[in-house]
Every structure is written in structure tokens, then in C-alpha cells.
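1. Test case, fold it:
(chains A, B and C)
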Amino acid sequence: MGKSWLRVYIIKRLIYAVIIALGILTITFVLVRVGPSSPADKYLANLAAKGQDIAQVTAAIEARYGLDKPIWQQYIDYIGNLLRGNLGWSFSTSMPVIDLIKTHWIYSFQLILLSSIFAAVLGILIGIYSAVKQYTKTDYVFTFLSFIGVSIPSFWLGVMLILVFSVKLGIFKSYYDTALPLFSLENLKALVLPVMTLGTGMLAGYVRYTRSSMLDNLRKGFITTARAKGLPERTVIGKHAFRNALLPLVTIIMFDLGSIVFGGAYLTEIVFGIPGLGQVSFNAIFAHDYPVVMSITLIGTFMVLFINMATDIAYTYLDPRIRYD
Amino acid sequence: MRKARLFVALSLILAALFTSIACGGTQPPKPAGKQGGIFINGQAGGDAETLNWILAADASSSGYASHTVDSLATFNNKLELQLRCLAKDVEISQDGLVYTVTIRDDLKWSNGSQVTAEDYVYTLGNLMFSDWMNYPYKSMWQEEVAGNKVFVTPQVVNATTFTITRQTANPDFVYSIYDLQPYPKYIATKYEGDVKTFTEAPEFNNLTYTGNLGPYRFKEWNRNDKYVVERNPDYYLGRPIGAPYFDQYVIKLFGSSATMQAALEAGDITHCGIEPEKVNKFMGLKNIDVYTVPTTGYTLLAYNQRANGWEGLKKQAIRQALSMSINKETVSQSILLGFGQPAFSFLSPNSPLYDDKSVVKYGVGPLYDKEKAAEILYQEGYGVKQENGTIKATNKDGGLLQLVLVTDQASQASQDIALQVRKELLALGIETRVKLVPWPTLLDQYVRNKVPGSVKEAGYNNGHDAVSAESWDMMLIGLTGGLLSPTSAEVVFTTEGGMNYFGYSNPEVDELFRRLKTKEALDKNMRQQLSSKLSLLLSQDQPFDFVVFQKANQGFQKNVVGIEPGISMWYNYYLWRFE
Amino acid sequence: MTKRTRIPGKEISKPVYINTRLVNYYWQRTSRNKLAVFGLVFILFLILLALIGPSFTADPTLVDFDEKNMPPVGFTNIKSAYHIDTNEFTTTEIRGTGKHPLGTDGKGRDMLSMLVSGAMVSLQVGLIATGIALIIGTILGVLSAYAGGWVDNILMRFTDIMMTFPFFLLLVLIVFIFGPSLAFIVLAIGLTGWTGTARLVRSEALSLRTREFVTAAKALGATDKRVIFHHLIPNVMSLIIVIATMSIPGVILAEAALSFIGLGDPTVPSWGIILEAGQHSLDTAWWIAVEPGIMLFLTVLAFNFLGDGLRDAFDPRSSV
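-> Numbering: from 1, shown residues only, chains lettered A, B, ... in the order given. Next up is the predicted model:
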């Protein structure tokens, strides 16, 4: 094995991932459970108006959800269950957390996957084009547009797209219909506006990174050498310059993926009524449904850590000089 | 979002009785339309929490489940009793203590066994009244005997008859009985005693037991997205006539009312509520019918009469003066765009007990009078005469009078009305600081109160000396008005009432509520007399300003037939169909 | 101030803010970038607007239901009223007037006044939250780099945890649990947004630590505190200025996004809050959502332009 150090590295990273995940779980648990309000709150006024004894109802609801035990006991119980693979029971939706995630992940996944593809493909192409044609009119136009793209608030863009394409023109439905079969043209059509909403900011970012990273590389010696050798321009740009520009780009795309689930994707889900994981987790926050909040945070965390690790490993293949010892 | 709306707040309005689904009782018309189609009911706001409804404290949960299980009885738009699982009306003994309930004999659980009186008595005695279950609405089935809260006594007579026995008379108790729904004893016994396994029981969470008890059967519930029930061909009320006619009934959730209404306009959904601003637009659409119907919800402006409110509010005259300077017609015309009705009493104008003559109409006509209001404030020592002869309201020592008005940040109507109140009071010289706070904060910091220094936990009414953590003077909040049972407002207005967080106390009011819960009120005329007296007394005393009763606008695709618009329009929804 | 240690021949050790020649140089480099200049001008305009605008515009909280949903000048809108007695609608066409040049919202509040007071909110959020994040990030970064060893290790692991935490989720958690007041939102954004700064400052400080002027200062007997505050921090200033300008847009957007999902401070009309309210009446009063969106967009764009220009100016490799 040429890369035996890699195995050691992966094991080290996994241990590190567990520590980080534990840290994040603890912070989340403390935040969700120590706050001043209780999951029973939202009923209390209703119940009081019907003449119920509030203290007794609060106690009953908390007992039913296991919230009456001491906080540290709840924490240990939760972590214990987690280690046994039991994510718990979501009391705000009345189903096992694992089933909840199973039914909702696909909506987030398709949105994020399509947006990433849309943004990465278009972004890289435009970025390369812009770099090659530096200081031409098209370059200026693209650069300017990319500034607009990164500055536009995604949720506002979504609202504007609905205003124009759904309200005024009536081309698209203004909400996402979950009844559509997953692999169908209708589903793809239903995702056009959400993908544009989520993808525009990413796209503009990729254009800018690709452009500057390509420019950096185009200035370097080996490009001049390649050109001097008389290689066709297409090969010079595609094989030499782009290959080297790819590395930082991969990092950025991967890093985006982690943060997007709970940022842009959530806002997009809200605007278009897509019942994805973002919505599930935020509704759970509002319902104090901590088993759900914890599980989804955990999934998000592992995704980020896994992506980081995968990127690091991918580096070693893209650039054999890199070693992590 | 949801939001926002996410954080949708829950006003006190819980018209469970009237929003929950029920079905028709009178001889149904022959169906003119065909069977089939999917009825999609759009809703903006939160999802239900559970289909295991006996555990639920939220209104949506019981609403979802009631598509599959009928209650004993319901009411139509004229508030006439419609029998459901009941075979005949509940019989009440002469002394008002024994209720005899006779159910239909053709009710079946999913395993084919008959639904019997035993199931009802089990649901009451072993589930709702049990310690391990902690049924959230248990106090509806309790009465006070010698200072203790005790449960009523249910008892099986035969397969279709059971009795419920009280020790004290209460004419309004029968409404709790009408709402009763059963749990299947043959399944529930498996989980009895353990709230955790009961909570997670698959039969209850998937409503697999409902047999022929409701017009629909559970099909699918995709959280935060949609709840789907399908036609129940065995439905006991529907079978003879082929009802219900829709293949599926779907509750579709939307993140905002804007997208929901766009979906109605586009024909993607069959029905949703419509905001006042958009009613005109929807009335102009060819494919939509809009029905304006009354609701039991009203908005009120509570005056804080506890120690941490402005001391003037403890005086009846001052409360009257403030109510006199807030125009209710403006509120219902400008803010609700006409879809409101000035409120003068806790009784809804649609209630058979409401008497328009026995209320004092503050805030409209001659009793909307800022000059008179200023004069009253001046006489009470809260005003100064200015050079031009007008009176400016002040605090006791002649300085600027500042009041704090607090309301729920998520309720658009409350915010609008709060700003309007501020504007009206500013004309008197009173400066109002409007505080918009999230619902949990509102409850925690402004509603709940405790005696300073005491170890007793804060409650909604901890007696005369209790105060809330934050001080406030006025609070806009929604409440459900009395329709059939006047004593439902008892918790709000009596000195000891569990919802009397604003510190109102009037022995006369307490006495009238007490009398309404005695045997003498079993007599219809007496009941009417007592209610009117109470209504007049409260509208005079102004413990809070009853501001406005809201009207709702319900939009439907035109091809839905069989709808009877009214305060309880869903009562016959199993007969609705597409043309 | 006067007791600054001078290291001969090491002009670079002077921080940017007192080195006028350097400032001039950077300004020239930045000002060659037209977009950056536009950004700067717009930001200055915004600050001016936020500071003195409110004294020229109407009270943004003034409600007038008779003038609700007035369109901006040059547009029209249909106003309807329902009459309960006759069960009839009357509709009138209303035109935008000079009294409300940008129209009014659903409560009849003047859009122009609200946008002006919203500018103050966005700037406050952007500047204060970024300030908090920068202070925390810089201190932790420098401390980590300077102390090294286990301090560095612990601080950086903590930074890793905070960095892996989905930022927006954390923000929503904190704001939901502790209540949405503007002060708290600002604090929460500041307290969660420092990780990137800490990382960058740490690596910059690591490289500075070994530079001659620091070792010289140490040799001259400067205390740790002095080295950190008089040598390390001033010299990462240019980096910090760039980070600040580049992260302000994100912070402003974070506040707007919080408002958009209903976690904004309802007592303060921020652009996000207006936008959220406007979203519900897109088909009847589009300008309520469009106008604050444009303001947000322009502000973020301006900071992005400026940040980009500053970064290029401070970057010795680029030749603008």
C-alpha cells in the first residue's frame, strides 16, 4: 500500500469527528433544554381558557415526554439511546425520529443536489470563460452579474420569482407539490424556481472563485511553458490551468454543501413550501422537540465532517504531493 | 414561515366545537353530483401533533382525528342539535344530576365488533379519568364537591346505554357529553397504564380502529405537508345514500396564506380561508365562491387591574372612558375591512342567549365620544384643562400619561388594532407604548402572575395580590365568545377564575356565574334572564373592552355543492360533492 | 499612545490607521476600482440616510388605516371596502401621491420612512455584530497563535466545533430560546460569527510572530500583553478590515433572514420585517416586498464591491 499513512489519518479524523459531534450535541442539548420556555407553553392559554389546572397539565405533558427528570439524567439517557442507534420519539409529530427523517430527507436532497449541479456546472463554465476573456466586455458583464448574484438575498429572490413567474405569468405553481412522482418532468418543473432561488447565490460565488483561481493559474510559469511548447489553447486551459484551479474549487463547493442545508435550503423550503429536513428541524425547534433537533443537527454535523474528510482525501489524489502526516 | 407563521401563534381562539368536523343529521337530499374527486382543504399554519387525539392539547390534532371518528352530536348553523353517534338526545333527570346517553346500535370498530356503551364508559373511566394518562381536558369532567375536585361517575346500563352521574347540577355540562368520542376498549387495554407505550401505539397513531365511525379513513400523513383521509364506504350515516362523495379529503399545509390563496385561485386546492384584503378579488373570480360567515372569536382589550397596572384602570369610570374613546366601527371597517362586528359582550351576537338590548354599547354611536371621555378623566383627576378649553389626559400629578399596550407579535389583526388604539388614545393626550412580544413571552412575562416574594409558582390567577413579571396596562388578545354555554366564560370573569389574569373582581358577577351553574338555570327562561343580566353587568363594568367579533371568509371552488354557509358550516360536510 | 516602541526601518509595523502614507497608497489602489468607489459612496449615503434621514421623513410608526396599501408615485392600486348592511363592495382606484412617494404598507405606514429607519437597523446590525465577532475572533486568534501549545489546541478545537455547527441553525436556536429583541439578535450573530476571523487571524499572527519586529520587541523586554496589543493586533488590522467589510453583508442578510422566518424584533421595522410582511400581499401590494428587498440587495452589493476592492488593494500580488 502506497498510502498506508492514509489509513492512520482516516482513523484520527474519525476520532476527531466523534469529539466534535459530541461537543455540538452537548451545546444543542443545553440550548434546547435549558431555555426558559417549555413545550407545554403553546397549549396553556387554550387549556386555561377551558378552566384546566395549568400547573398540573404542564407537569403531565412534561412527564409524558420525559422532560420531568433532571437535565443531566435526560442528557445521559439521550446519549445512551443514541449509542444504541435509537434516535428517539418525536413528540411534536408523533412518530419515531428516524421515520421522520426517512420521509423528509429526499425533498432536501433533490433540491440541494439539483441546485449544486446547476450552480457548479454553469458557474465553472462561466468562470473559465470569463478568465480566458479577461477584460473583455463579456467578462465585465459576467463579473458584474456575479456580484449581483452573491448580493441578492435568496429568500427575496424566491419571493420575486413567485411574483413574476407564478402570480403574474402563471407559468409555475407557487408551491411545491409533494404528490408528484420523484422522477418525472413535472417534478423537475416544480423544482425550477426553488433551484434558481437556492442556486443563484452559489452560482455567482462559483463564477467568482473559478475566475480568480483560473487567473492565478494562467499567470503561472507552467502555463507559459505549455503555451511555448505549442500545445493547443484548449489543452492548456482545460488540462493545465483548470486542473490546478479545481482544487480550491472543490473545497468551496463541498464546504457550501454543509452549510446550505440549514441556511439557504431552509429559506427556500419555507418560500416554496417544501417539507424538507430544514423545515422539519426548524419546526422542531419551535416545538421544543429536542430529539428531532438533536438528530438533524447530528446528521448535518457528520455530513460536514465527512465532506471535509472526503475533500482532504480527494486532494491526495488530485495532487499527489499532498500528505497529511 | 412558517412561518413565521411558523411560530404561529395561537390566540386563545379555540373554536374546537365549530371547526371540528361533524356531519349532518336531517334527511339528506338526494345527491345531484357524482361520486369522486379529491377535496383539498388549504391551511396556513402549524400541523397537528398527533392522531392519538386523547393525548392532544391542540385543536388541530382533534380536528384531524375527527374526520374518522364522529362525536356523539354536533350543531348546525342554526345551533340546532344534530345527532351523530347518539341514537337520541341525551336525557337529563329532573334534578339535573343524571345524564342518560343512548348510542346507535350500528357502530362498528375495524375488527367488526360493535361499539358499545362499554367503550364509552371505558374511555371516560379508564383513560380520561386515569392518573397515568393525565388527560389534558380532564377538568371538563370534574366538579367541585366539598372543596375537592372529583370526577363524574360513568356507568354502563346496557350495550347501547350508559349514564353519567354528577353530584352537583350544571346545565352546561351536557355540551361536554355531546363532544365525546370513544376509544376502542379491545385495543386500549393492551396499553393501559403506561403512557409511553400508549403514546407510541401504532393503532392509535394510524387510526386503524375507526371502523364505520367517520366519513373518512386514515390514509397518509406527511408531516408539515398534508394529511390525507379516504372515503369510508361503510360510514354509518352515509351508507344508505352513498355518502361521502369525495374519494379523498386532504388537508394541505402552506407556509404562508399568500401561496395558499394563489393555489386556490389557480384551482390547485378546493378550499381555504381568505383574508379580508383579498375577498374582493376572489369574489370577482369566476371559479370561486366566497362565503362570509360569523365566528365565535373576538378580540378584546384587557385592562390590567392588578397592582402593576395603571391605578386608574381599577376605576370603572376610567375603564368606561377609555372604551368610549376607541371606535369599534373603525376597527371593523378599516382594519377588518368590514369583516367584523362590534362586540359589547362576551356572548356572541349569534348566541341564542344574546340580547342586543341588555348591553351597553361603548365605542359606537353616542358612546363613542372622546370629549366625554376626556371630561370623565378630568373629573377623576386624570386631566388638565388646556388654554383652548380642551382637556388633556394626564397622570395623577399632571404629567404625561403613558400606558403600555402589549400583544402577540404573530397576530396581524392584534397588531393593527393595537396601533389603532394608540392613535385613538393619543387624541386624548395618552401616549401608548405598543409592545409586540412572542406568544411564550406574553404568557410568561405578562399573563402569568404570582404574589411577589412567594414561593408558589406563577399561575394565570394567583389571587388579588399577584402581579406579572413585567408591568402592563392594556393587552389585546383573542378569546372565544360564549355561544351555547355562558359559563365557559366563568374562568375569565370570576374573581377566582383560572384565566382572570387581569385581576378583575365583582361579587355580583361571581354570584351570577354561580347561579348559572345551579339547578335553577336548568329552566330556560331563568337561564336567559341570568345570562342577560350578566351580559349587561359586564358591558357596563368594562373589565375589558370587548372590541370586535371577527367574521371569516371561506373560499371554495364553484363546483363544490351542498355547502350551507353559516357559523357551523362543516356540520354536513360528508354530503358535499363535486358537480 | 506616545510610548510606542519604534523599530527603525520597519515602517510596516506601524498599523494602517496611523500610517497616512500607507492609507493613501491603499486608497489609491482601491479608488482605481470604480465598483469599490460606488460601494463606498453608497455606504456613506446609507450612513447619512440613517443618521439624518429620520428628521426629514414622517414617523415610521404612524399608522393610518385610511391610507393603507397606497402605491408608489406613478402606480395605481384598487382599494375595496365591504359594506356589511348591503353586502356590497365598493372599489376605488387610488394613485400614488407625493405624500407617500414610495407608497404605504398594509397599516398605512409610509414606506419611505420605514426604509430610512430600516437602514439604521441594518447598519447597526451589520457594524455592531461584525464588531463583536471581530473582537472575539481577533482576540482568540492572536491568543491562540501567541500562546501556542495546549491553549492553542483547546481554542482551535472549540473553533472547530463552532465552525462545524450549522451557523443559521445555531442562530435560530439561540434567538428562539432567548427571545427576539434586536440587541439579542445582534449579540447572537456576533457570538456565533467569529470562527472564520479567529482562524484567519491566527494564521496571520503565526507568521507575524516569527517576524523580526516582534522578536526585536520581545528582546527589548516588551511584555506579552504589549506584544499582542501593540504589535500583533495592529499588524493584522488590514486583514481585519477586509474581513469586516466582507462579512458585514452576511450579517445583514442573517438578520433579514431571521426576520423573514418570524424571528425578527417586531418592535423595530427592519428591512427583513417589512419584507416578510410584504410577502403575504405580493399580489395586492407588490411594493411592500420589493422595496426593502432592493435596499437590502443594494446594501449588500455595496459592501461586496467595497470589500472586493479593499481585498485587492491589500493584496500585494494583485495589480489593479
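
2. make it CA atoms for all contacts and neighbour counts henceforth
-> Noted.

3. For the residue most central in space within chain C, list the residues it contacts.
-> Centre of chain C computed as the mean C-alpha position; nearest residue by Cα atoms, centre = their mean is C:Gly126, 2.1 Å away. For C:Gly126, the residues meeting the contact criterion (Cα atoms under 8 Å, 6 or more residues apart in numbering or on different chains) are C:248-249, C:251-252.

4. Closest one of these to B:Gly238?
-> Using Cα to Cα, C:Ile252 is the member of the contacts of C:Gly126 that sits closest to B:Gly238, with 57.7 Å.

5. where does that closest one land in three-state SS?
-> Three-state secondary structure (criterion: DSSP: H, G, I helix; E, B strand; the rest coil) places C:Ile252 in helix.

6. my guess is it meets C:Val121, correct?
-> No. Shown here, C:Ile252 and C:Val121 do not form a contact pair, counting by Cα atoms under 8 Å, at 9.2 Å.

7. The two: which is more packed in?
-> Counting neighbours by other Cα atoms under 10 Å in any protein chain shown for C:Ile252 and for C:Val121 shows that C:Ile252 has the greater number, 27 against 21.

8. can you pull the contacts of the more buried one?
-> C:Ile252 makes contact with C:122-123, C:125-126, C:300 under the criterion Cα under 8 Å, 6+ apart.

9. circling back: would you convert the contacts of C:Gly126 into TSV that also reports distance to B:Glu579 and pLDDT?
-> Putting the contacts of C:Gly126 into TSV (distance: Cα to Cα, whole Å; pLDDT from 0 to 100) gives the following:
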residue	distance to B:Glu579	pLDDT
C:Ile248	58	87
C:Pro249	55	87
C:Val251	54	88
C:Ile252	52	89
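
10. Include distance to A:Asp312 when you put the residues you listed into CSV, please.
-> Compiled in CSV, the contacts of C:Gly126 are given as follows (distance: Cα to Cα, whole Å):
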residue, distance to A:Asp312
C:Ile248, 30
C:Pro249, 29
C:Val251, 29
C:Ile252, 32
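
11. need the strands for the stretch 151-300 of chain B, in chain order.
-> With DSSP state E, counting those that start in this stretch as the definition, the stretch 151-300 of chain B shows strands at residue ranges B:153-158, B:161-165, B:216-222, B:226-231, B:248-254, B:271-274, B:288-303.

12. neighbours around residue 184, how many?
-> You didn't pick a chain, so chain A it is. Around A:Ser184 sit 10 other residues, with neighbours defined as other Cα under 10 Å.

13. hmm, I had chain C in mind actually
-> Look at C:Phe184: counted by other Cα under 10 Å, it has 15 neighbours.

14. circling back: I'd like the strands of the stretch 151-300 of chain B laid out as JSON lines, including mean pLDDT, distance to chain A and mean neighbour count.
-> Rendered in JSON lines, the data for the strands of the stretch 151-300 of chain B read as follows (pLDDT from 0 to 100; distance: least, Cα to the nearest Cα, whole Å; neighbours: other Cα atoms under 10 Å in any protein chain shown):
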{"stretch": "strand B:153-158", "mean pLDDT": "96", "distance to chain A": "19", "mean neighbour count": "17"}
{"stretch": "strand B:161-165", "mean pLDDT": "96", "distance to chain A": "20", "mean neighbour count": "20"}
{"stretch": "strand B:216-222", "mean pLDDT": "94", "distance to chain A": "8", "mean neighbour count": "20"}
{"stretch": "strand B:226-231", "mean pLDDT": "95", "distance to chain A": "9", "mean neighbour count": "21"}
{"stretch": "strand B:248-254", "mean pLDDT": "93", "distance to chain A": "6", "mean neighbour count": "24"}
{"stretch": "strand B:271-274", "mean pLDDT": "94", "distance to chain A": "15", "mean neighbour count": "24"}
{"stretch": "strand B:288-303", "mean pLDDT": "92", "distance to chain A": "13", "mean neighbour count": "23"}
